[in-house]
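Trainee: coordinates for the following, if possible.
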Amino acid sequence: MELDINELINFSPLMKTFTFNAWVVSGFTPISRGSALDYYINRPQGMKGYIINLTLRGQGLARTAEGSLSFGENELLLFPPGVAHHYGRDEHSEHWDHLWIYFIPRPYWLDWLKWDKMPHGIGKTTVNDAEQSQLLRDLFAEVIRHNSAQAPLSEALAMNALERLILSCFQMQPISNRHAHDPRVNAVCDYLNEHIAQEIKIETLAAMVFLSPSRLAHLFKNELGQTIYAWRELQRINRAKLLIQTTSLPINKIALSVGYEDAVYFTRIFRKHNGIPPGEFKKRYEGMRNGPG
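Mentor: Numbering: from 1, shown residues only. I've put the predicted structure just below:
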């Protein structure tokens, strides 16, 4: 899946305009001294989602209120939501070529986005292994390719590749790895996601992981900060958003596919999480997809 430089140019701001009203946006930014892209990105309030980037060549510099953070080839940066962006080519380097992905994470990813080193609130990881570096570059490439495609399920495939990229990065965080979720909670989350439309009693889930229902409820709330049913509701709405974005199914069919027989109730829950009903979400998304860039 590796991209060559000539193909990468097709996914750069030199060739297209990017909007960020989507779950995932990705590209390649080649910067050389004095080129059209040689300027600092400045977003004082940060963004609603995360940005992860991987430097391919040269060196970049991020400026923060606490100081500066430099990064070079095979170094990853992770900007969490709300963290100010003020970065560009380091003036001491002739180049800063980097791959980047902006994304709204699925809720169960959040634990994997806690990196060991967070200087000035920005995650930083150096990739020292050549095989690991190639794997990450290939995963970035896969996200970019799927994200730019117009084929059915292309965005779902991009999110799938992004999840693998996030997991690969998390594997390089030995300290954070020791504080990952309890495997019994992970097993429950996986089961609920695989049976998203089914009504499953907590007693059934508890028996699967050899806990009492009350112990599972306490453990789940302690690990994820919300009840099992609140978490499942959020997963259902996230799945519905993905189906709205990637299929032509009518809203009532989407509601059924994520476990809501009553379309009116589904609309109310969807609005609670997104501020607008699913029909309006579909119109806005289609407008964004058909707009510039």
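Trainee: and the helix or strand where A240 lies, what does it pack against?
Mentor: Under DSSP states H and E, the secondary-structure element containing A240 is helix 228-246. Judged by 3 or more CB pairs under 8 Å, 6 or more residues apart in numbering; DSSP states H and E, helix 228-246 is in contact with helix 154-170, helix 183-194, helix 213-224, helix 251-257, helix 263-274, helix 278-290. In short, each C-beta sits where N, CA and C put it, glycine included.
Trainee: what's the first one in contact with?
Mentor: By that I understand helix 154-170. Counting by CB atoms under 8 Å, 6 or more residues apart in numbering, helix 154-170 makes contact with 22-24, 26, 52, 76, 78, 101, 103, 105-106, 109, 112-113, 115, 125, 132, 135-136, 139-140, 142-143, 146-147, 149, 176-177, 242, 245-246, all of which sit outside it.
Trainee: can you add mean pLDDT and give the helices and strands packed on helix 228-246 back as a markdown table?
Mentor: Output for those, formatted as a markdown table (pLDDT from 0 to 100):
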| stretch | mean pLDDT |
| --- | --- |
| helix 154-170 | 93 |
| helix 183-194 | 89 |
| helix 213-224 | 93 |
| helix 251-257 | 95 |
| helix 263-274 | 94 |
| helix 278-290 | 74 |
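Trainee: and of these, who's closest to H85?
Mentor: Within these, the stretch nearest H85 is helix 154-170; the backing value is 19.0 Å (CB to CB).
Trainee: quick one on the thing from earlier: sitting in helices, which of the contacts of helix 154-170 do you find?
Mentor: The members of these that map onto helices under DSSP state H are 132, 135-136, 139-140, 142-143, 146-147, 176-177, 242, 245-246.
Trainee: give me the buried subset of the residues you listed.
Mentor: Among those, those that count as buried by neighbour count (16 or more other CB atoms under 10 Å) are 136, 139-140, 142-143, 146-147, 176, 242, 245-246.
Trainee: circling back: any idea of the mean pLDDT in the helix holding A240?
Mentor: With pLDDT averaged residue by residue, helix 228-246 scores 90.
Trainee: that helix: which residues count as buried?
Mentor: Within helix 228-246, the residues that count as buried by 16+ other CB under 10 Å are 228, 231-246.
Trainee: swap in stretch 29-42?
Mentor: Neighbour counts over stretch 29-42 (16+ other CB under 10 Å) mark 29-32, 37 as buried.
Trainee: between these, which is closest to V264?
Mentor: Ranking the buried residues of stretch 29-42 by separation from V264, with CB to CB as the measure, puts T29 on top at 45.2 Å.
Trainee: who's that closest one bridged to?
Mentor: Note on T29: beta-bridge partners by DSSP bridges are H98.
Trainee: can you say which two of the buried ones among the ones in helices among the contacts of helix 154-170 are spatially most distant?
Mentor: Distances among those were taken as CB to CB; the most separated pair is S176 and T246, at 31.2 Å.
Trainee: no more questions from me, cheers.
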